[in-house]
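# from the sequence below, what's the structure:
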Amino acid sequence: MSALAIILAAGKSTRMKSALPKVLHEVCGRPMIDYVIDAARAAGATRIVAVVGHRADLVQASLARHADIEFALQSEQKGTGHAVMMCRDQLASHHGPVLILAGDTPLLKPESLTKLLTAQAEHSAASIIGTAVTPANQGLGRIVRDSNRNFVKIVEEKDASPEEKSIQEINTGCYAFDSQKLLGALDEIRPNNAQAEYYLTDCPKVLLNAGHPVLALTAFDIVEALGVNTRVQLAEVTQTIQQATLQRLMLSGVTIVDPTLTHIDARAEIGADTVIEPFTIIRGPVQIGSDCRIGPHVVLDGAVTISAGTVVGPFTHRTV
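Numbers count the residues shown, from 1 in each chain. All right, here's what the predicted structure looks like:
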């Protein structure tokens, strides 16, 4: 069954110290929310709703490139549960699984999201909570289980007891819900917490108390699950994606003379036996044939096509 994906993208860039909405900060030449959209699509989402709020005009303008994106407006930021409440119309019209994801998690893997959807279907679950395990659990919601390892609740750090704060299984903020059961749970949650917000994390507890199956599934590693909140984390995520891109290209037969001095967009396609010299920047869906030599000090930007056997000499800048 096809899934609906709701991507939360209404937040500010407070810790980024930026006027630009956080989800629009670029990772390897693309807004970080694009990676979340890609992961949701690859996991089987056929409808995608972006919840926008802070500078909604900028986020909507950026995502207008995607013909299949719908929008829901959260004019006041009253928590994650409130954000999903803004999607009532989309939820009401969808009978099936719903992924709820954060727009600032560009390292999400499609296979992890697929695990959530598969578990939701196999257990006919009202909710599957995606979890990860880490000793570095500061600031993260903890997964509370009973003595039989069954899910009991999610507790946010500001509301957690000292014993709960020691729990190393954390909520990643990625969920799979049954759409109609989620609608009912949203009516039940209240802002009775230290932040006076509507927590989406309260919905699984509501569903559990109503007798519906709710599971917590360790489907994620902590690296892919953590969001980008600072420029330091933005640089770390960029480096992770860039290293994976360069490694993939080199294993496919591309020579990258000095990976530490080369930037290549993950969307670029480069043929075997092409040599990329240092200080080369390749942005966007660049197409480079085989047996080329690029650089040094070359910038290729956009939908540039380089034919097989071409030499692109030093200090060349091509853009489309």
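
# tell me the contacts of D301?
The contact partners of D301, taken as CB atoms under 8 Å, 6 or more residues apart in numbering, are 281, 283-284, 286, 317-320. (Each C-beta comes from the backbone N, C-alpha and C, glycine too.)

# for stretch 165-176, buried residues please.
For stretch 165-176, the neighbour count (16 or more other CB atoms under 10 Å) marks 167, 169-176 as buried.

# just stretch 64-73 next, same as before
69, 71-72.

# from those residues, which land in strands?
Counting by DSSP state E, those place 69, 71-72 in strands.

# would you mind giving these as CSV with distance to R248 and pLDDT added?
Below are those laid out as CSV (distance: CB to CB, whole Å; pLDDT from 0 to 100):
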residue, distance to R248, pLDDT
I69, 27, 95
F71, 33, 97
A72, 35, 97
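
# turn the buried residues of stretch 165-176 into CSV, including secondary structure, distance to G309 and pLDDT.
Formatted as CSV, the buried residues of stretch 165-176 follow (DSSP: H, G, I helix; E, B strand; the rest coil; distance: CB to CB, whole Å; pLDDT from 0 to 100):
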residue, secondary structure, distance to G309, pLDDT
I167, coil, 58, 97
E169, strand, 54, 97
I170, strand, 51, 96
N171, strand, 52, 95
T172, strand, 47, 95
G173, strand, 48, 93
C174, strand, 45, 96
Y175, strand, 50, 98
A176, strand, 49, 98
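
# could you single out the nearest of those residues to A3?
A176 (7.8 Å; CB to CB).

# how about CSV for the contacts of D301, with distance to S13, neighbour count and pLDDT added?
Formatted as CSV, the contacts of D301 follow (distance: CB to CB, whole Å; neighbours: other CB atoms under 10 Å; pLDDT from 0 to 100):
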residue, distance to S13, neighbour count, pLDDT
I281, 25, 16, 97
R283, 22, 20, 95
G284, 24, 16, 93
V286, 29, 22, 97
H317, 30, 10, 97
R318, 32, 14, 97
T319, 28, 11, 95
V320, 30, 11, 91
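
# narrow these to those in helices?
Of the positions in those, not one sits in helices, assigned by DSSP state H.

# would you point out the most distant pair within those residues?
Most distant of the contacts of D301, by CB to CB, are I281 and V320, 14.6 Å apart.

# go through the host helix or strand of V223 and flag the buried ones.
Using DSSP states H and E, V223 sits within helix 222-225. If you call a residue buried by 16+ other CB under 10 Å, then helix 222-225 has these buried ones: 222, 224-225.

# and stretch 187-195, by the same measure?
Going by 16+ other CB under 10 Å, stretch 187-195 has these buried residues: 189, 193.

# quick one: the helix holding V223 to chain centroid distance?
10 Å (CA atoms, centre = their mean, to the nearest Å).

# got a list of contacts for it?
By CB under 8 Å, 6+ apart, helix 222-225 touches 105, 107-109, 112, 130, 132-134, 136, 170, 172-174, 240.

# same check on stretch 112-121?
1, 3, 39-40, 42-44, 97, 99, 101, 125, 127-128, 130, 174-178, 215, 217, 219-220, 224.

# I'd like the next helix or strand past the one helix or strand in the chain whose mean pLDDT sits lowest.
Taking mean pLDDT, DSSP states H and E as the measure, the chain has helix 222-225 as its least confident helix or strand, at a mean of 90. Heading C-terminal from helix 222-225, the first helix or strand you meet, by DSSP H and E, is helix 231-251.

# now the chain, which segments are flagged as low pLDDT?
Applying pLDDT under 70 to the chain flags residues 1.

# quick one: the helices in it, in order.
32-42, 56-63, 80-85, 88-92, 110-122, 162-165, 179-186, 202-209, 222-225, 231-251.

# closest to Q195 out of the ones you listed?
helix 80-85 (10.4 Å).

# the closest residue to T172 other than its chain neighbours and G141, how far apart?
Nearest residue to T172, sequence neighbours excluded (CB to CB, 6 or more residues apart in numbering): A225, at 3.7 Å. Distance from A225 to G141, counting by CB to CB, to the nearest Å: 11 Å.

# which neighbours do those two share?
170, 173.

# so who does L182 touch?
Counted by CB under 8 Å, 6+ apart, L182 has contacts 84, 91, 98, 126-127, 203.

# so I281 touches P296, yeah?
No. Counting by CB atoms under 8 Å, I281 stays clear of P296, with 10.8 Å between them.

# make JSON lines from the helices of the chain and add distance to T14 to it.
Formatted as JSON lines, the helices of the chain follow (distance: least, CB to CB, whole Å):
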{"stretch": "helix 32-42", "distance to T14": "16"}
{"stretch": "helix 56-63", "distance to T14": "16"}
{"stretch": "helix 80-85", "distance to T14": "16"}
{"stretch": "helix 88-92", "distance to T14": "27"}
{"stretch": "helix 110-122", "distance to T14": "27"}
{"stretch": "helix 162-165", "distance to T14": "24"}
{"stretch": "helix 179-186", "distance to T14": "26"}
{"stretch": "helix 202-209", "distance to T14": "23"}
{"stretch": "helix 222-225", "distance to T14": "21"}
{"stretch": "helix 231-251", "distance to T14": "12"}
